[in-house]
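Engineer: Sequence plus predicted model, see below.
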Amino acid sequence: MSFERPRGIAVADVGYTNTKIMLFSPDLAPVAERKIASRHREGPPYRSIDPEPMVALCREALPELDRILPVDAIVPCAHGAALACQAADGSLAMPVMDYTSEPPPDIVADYRRIAPGFEETFCTLLPMALTHGLQLYWQQRAWPAEFARIATVIPWIQYVGFRLSGKAVTEMSSMSCQTHLMDTRSQTLSSLVKRQGWEALFPPMAKAWETIGRLRPEFTGPGFRGRGAVLGGVHDSTANYMRYVCAGLDRFSLVSTGTWSISFDTSTPLDHLVEARDTNTNTDVLGRTVACSRFFGGKEFEQVAGDAPAEAASLDMVRELIVKGIMALPSFTDSGGPVPRSGGRGRIVGDLPASAEARASLAALYCAQMVSEQLDAISSRHDVIVDGPFAQNPVLMAILADLRRGQQVKASDLRDGTTVGAASLALIDDGRLPSIGLSLKLQAPPDLAGLARYHSNWKEKAYAHLA
């Protein structure tokens, strides 16, 4: 069967904060966008995600966008930290757990005793309910009657596709994003899934770019012009990474920033990963394992900067901080990221001037050092590409370029890398990736006298608690 290029591609990007549907032309130019706030409920039985606003947006927006360009393909894309537990009739047997839910300490302690090892899943147990395996274990232990009604478990990403098409599938990038559900090397369900008897709950795998079904009539209405093919869907961070792969890049490190700072490296061997440094793996849509590291970058920046805007930072103030030895030490959230066991230890050393410029500059200096530690944690040695908010922060980028003088540091101006990456799936022809242009700006290292010595002192203090 020959590949038929779509006339219009709609990406349903269901984020934690916002849900949007973006329409792209066949050359991946953004054409239109519709957006609403995502909705969360406090419980009982736990904090959960309400899918109905997403469904309502799709019901309203898809016919409207089809009048602009025939919507031939719809690509589900979402964050990877939730599961949909469905009853036999396709309804939710239990609410979709919000990953900010806090499991009881005894549940977490019991789960640690059965959790698969790092050498199998290449991910550690994350805070809150970020780990899928812990979510299912908590639901099974605390609500056995409701859990017994579950016939199918699918990632939140594929639940979007299910609501659109009526077809339940799983997909590799969605099942492998630090879930404890997959054996990374064999790409099969993990020992945890088998030990708990969950194997039969997961439907078959689909490729991210495969058509799993057509839009249900409630999403088309009269006069719908497009083919309405719903694709398998993709994990949002992986979609962003695939955008760069489709640009022809091979050996590189990508630092994708936002609420989280997630670094990807295409050539890091798995035996270089260290659980204590919050390294992990993702699996791309072609089934290739990609080494990753992570820290709560956006949140940490906010904690240090306070109400100071990022643009208040200056290199002159950074030079002053370096001379005076004023430091922010990790970590200001529960996640220590690349600095082991530093969660909740964050503090500022020295007499920080009481100005927005000082706080924003210190936040840029601190986060640049943490990104550099992330890159060290995955043995990064090729070009470094930064996208998202950190790429738009010239002070942070300049510091990072100085810290990584053995590598080229480049800023990407992509603002919709996740949705463009997801849309590119609709252009995959029998596993062959499309070729998409990309604009990158080389960041020259500034003259920051004393930064190397400052960073050495920072590392000594940051890791002192491990001595």
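Structural biologist: Cool, the structure landed.

Engineer: Show me the shaky parts of the protein.
Structural biologist: 1-2 (pLDDT under 70).

Engineer: Could you break it into its assigned domains?
Structural biologist: Using automatic domain parsing, the domain ranges for the chain come out as 9-232, 248-466.

Engineer: Out of these, which gets nearest to residue 241?
Structural biologist: When the domains of the chain are compared by C-beta to C-beta, domain 248-466 sits nearest residue 241, at 5.1 Å. Every C-beta, even on glycine, is put in place using the N, C-alpha and C of the backbone.

Engineer: Output the domains of the chain as TSV; include the columns mean neighbour count and distance to residue 238.
Structural biologist: Output for the domains of the chain, formatted as TSV (neighbours: other C-beta atoms under 10 Å; distance: least, C-beta to C-beta, whole Å):
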stretch	mean neighbour count	distance to residue 238
domain 9-232	19	4
domain 248-466	20	5
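
Engineer: Any idea which of the ones you listed gets closest to residue 240?
Structural biologist: Here domain 248-466 is closest among the domains of the chain (C-beta to C-beta), at 4.4 Å.

Engineer: how long is that closest one end to end?
Structural biologist: Taking C-alpha to C-alpha, to the nearest Å, domain 248-466 runs 41 Å from one end to the other.

Engineer: do you know how far residue 247 is from residue 411?
Structural biologist: 14 Å (C-beta to C-beta, to the nearest Å).

Engineer: ditto for residue 253
Structural biologist: 13 Å.

Engineer: Repeat that for residue 11.
Structural biologist: 24 Å.

Engineer: so what sits against both of residue 253 and residue 411?
Structural biologist: residue 385 (C-beta atoms under 8 Å, 6 or more residues apart in numbering).

Engineer: picking up where we left off before, need the domains of the chain in CSV with distance to residue 3, can you?
Structural biologist: Output for those, formatted as CSV (distance: least, C-beta to C-beta, whole Å):
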stretch, distance to residue 3
domain 9-232, 10
domain 248-466, 4
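
Engineer: Please name whichever of these is nearest to residue 239.
Structural biologist: Of all those, domain 248-466 comes closest under C-beta to C-beta, at 3.7 Å.

Engineer: next one: the closest one to chain centre, how far?
Structural biologist: 14 Å (C-alpha atoms, centre = their mean, to the nearest Å).

Engineer: got it, and stretch 56-67?
Structural biologist: 26 Å.

Engineer: Now do the contacts for residue 71.
Structural biologist: 8, 9, 10, 23, 62, 65, 224, 225, 226, 227, 228.

Engineer: For residue 45, see how far away residue 146 is.
Structural biologist: Taking C-beta to C-beta, one finds residue 146 at 8 Å from residue 45.

Engineer: shared neighbours, the two?
Structural biologist: Joint contacts of residue 146 and residue 45 (C-beta under 8 Å, 6+ apart) are residue 94.

Engineer: can you map out the strands along the stretch 1-150 of the chain?
Structural biologist: For the stretch 1-150 of the chain, strands defined by DSSP state E, counting those that start in this stretch occupy the ranges 9-14, 18-24, 30-37, 39-41, 48-50, 73-78, 83-86, 92-94, 96-97.

Engineer: What pairs with the first one, parallel or antiparallel?
Structural biologist: Looking back up the chat, that one is strand 9-14. Under the criterion DSSP bridges, strand 9-14 sits next to strand 18-24 (antiparallel), strand 73-78 (parallel) in its sheet.

Engineer: can you tell which of those is closest to residue 326?
Structural biologist: Of all these, strand 18-24 comes closest under C-beta to C-beta, at 35.6 Å.

Engineer: Export the closest one to CSV, keeping only CA atoms.
Structural biologist: Written as CSV, here are the backbone C-alpha positions of strand 18-24 (Å, rounded to 0.1, in the frame of the first residue of the first chain):
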residue,chain,number,x,y,z
ASN,A,18,-2.9,22.8,29.3
THR,A,19,-4.5,20.7,26.6
LYS,A,20,-4.2,21.9,23.0
ILE,A,21,-5.0,20.8,19.5
MET,A,22,-2.6,22.1,16.8
LEU,A,23,-3.3,21.9,13.1
PHE,A,24,-0.3,21.5,10.8
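
Engineer: Now do it against strand 30-37, angle only.
Structural biologist: Inter-element angle recorded for strand 18-24 and strand 30-37: 170 degrees (by axes from the mean of the first three to the mean of the last three C-alpha atoms, to 10 degrees).

Engineer: outside of strand 18-24, which residues touch it?
Structural biologist: 8-13, 30-38, 53-54, 57-58, 61-62, 65, 68-69, 71, 416, 419-420, 423.

Engineer: could you pull out the helices for the stretch 251-400 of the chain?
Structural biologist: Applying DSSP state H, counting those that start in this stretch to the stretch 251-400 of the chain gives helices spanning 297-305, 315-324, 356-377, 394-403.

Engineer: right, and these - which one's nearest residue 337?
Structural biologist: Of all the helices of the stretch 251-400 of the chain, helix 356-377 comes closest under C-beta to C-beta, at 6.2 Å.

Engineer: Which strands and helices lie in contact with the closest one?
Structural biologist: Contacts defined by 3 or more C-beta pairs under 8 Å, 6 or more residues apart in numbering; DSSP states H and E place helix 356-377 against strand 252-257, strand 261-265, strand 289-295, helix 297-305, helix 315-324, strand 327-329, helix 394-403, helix 451-462.
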